[in-house]
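*Asks:* sequence unknown, structure follows:
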């Protein structure tokens, strides 16, 4: 009986030590599990942040692309306006210069400085853009009549229905 008692006590100590060891292992495993869970949560957060950062640069990239397109369009517009200016200067010179070479009999200076066709077109375009509800400009003495007739005859400009001293740029959109 004493031997059985000793054996059982030894078994009890062995079971207790095994139980203590298993509890320690369980604590370590739980701690490891919590650490792994925190790491996983941190990694998920980092992944979400990375996704949003990837999305933001794509939006920023789109904005940059639009800015580049706008810059290209502005450059193209400048080139077109420059080409138009050169064309108008070549084919439609300043009215005062043309008159002086053709009409040498007239020694009197014109009362008003005449403006070029390019300036007339700029006035018409600017007026149409700035005040689309009232695009008419008033024709005064500085406008050379042949240029006004040219614009009206070829349908680039229209006279005001009630006031013949006013005109506007023809709208070509549909």
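*Replies:* Everything's here; your move. As the structure is a prediction and not an experimental result, all values here were calculated from the model.

*Asks:* For residue 155, give me the pLDDT.
*Replies:* On the pLDDT scale, residue 155 is placed at 90.

*Asks:* who touches it in this structure?
*Replies:* Contacts for residue 155 (C-beta atoms under 8 Å, 6 or more residues apart in numbering) come out as residue 170. (Glycine included, C-beta is placed from N, CA and C.)

*Asks:* hang on, it in a strand?
*Replies:* No. Assessed with DSSP: H, G, I helix; E, B strand; the rest coil, residue 155 is coil; it does not lie in a strand.

*Asks:* can you give me phi and psi for it?
*Replies:* phi 70, psi 20 (degrees, to the nearest 10).

*Asks:* Then residue 115?
*Replies:* As for residue 115, its main-chain torsions (degrees, to the nearest 10) stand at phi -100, psi 160.

*Asks:* Which of the three states applies to the residue nearest to it when sequence neighbours are not counted?
*Replies:* Spatial nearest neighbour of residue 115, excluding adjacent residues (C-beta to C-beta, 6 or more residues apart in numbering): residue 142 at 5.1 Å. Using three-state DSSP, the structure places residue 142 in coil.

*Asks:* For residue 87, see how far away residue 142 is.
*Replies:* Going from residue 142 to residue 87 by C-beta to C-beta, to the nearest Å gives 22 Å.

*Asks:* Likewise for residue 22?
*Replies:* 95 Å.

*Asks:* Next: residue 76.
*Replies:* From residue 76 to residue 87 the distance is 16 Å (C-beta to C-beta).

*Asks:* Flag the helix or strand of this protein with the lowest per-element mean pLDDT.
*Replies:* One helix or strand of the chain scores below all others by mean pLDDT, DSSP states H and E: helix 95-102, with a mean of 60.

*Asks:* buried residues in the next helix or strand after it?
*Replies:* Where DSSP states H and E defines the elements, the next helix or strand beyond helix 95-102 is helix 117-130. Within helix 117-130, the residues that count as buried by 16 or more other C-beta atoms under 10 Å are 117, 118, 120, 121, 123, 124, 127, 128.
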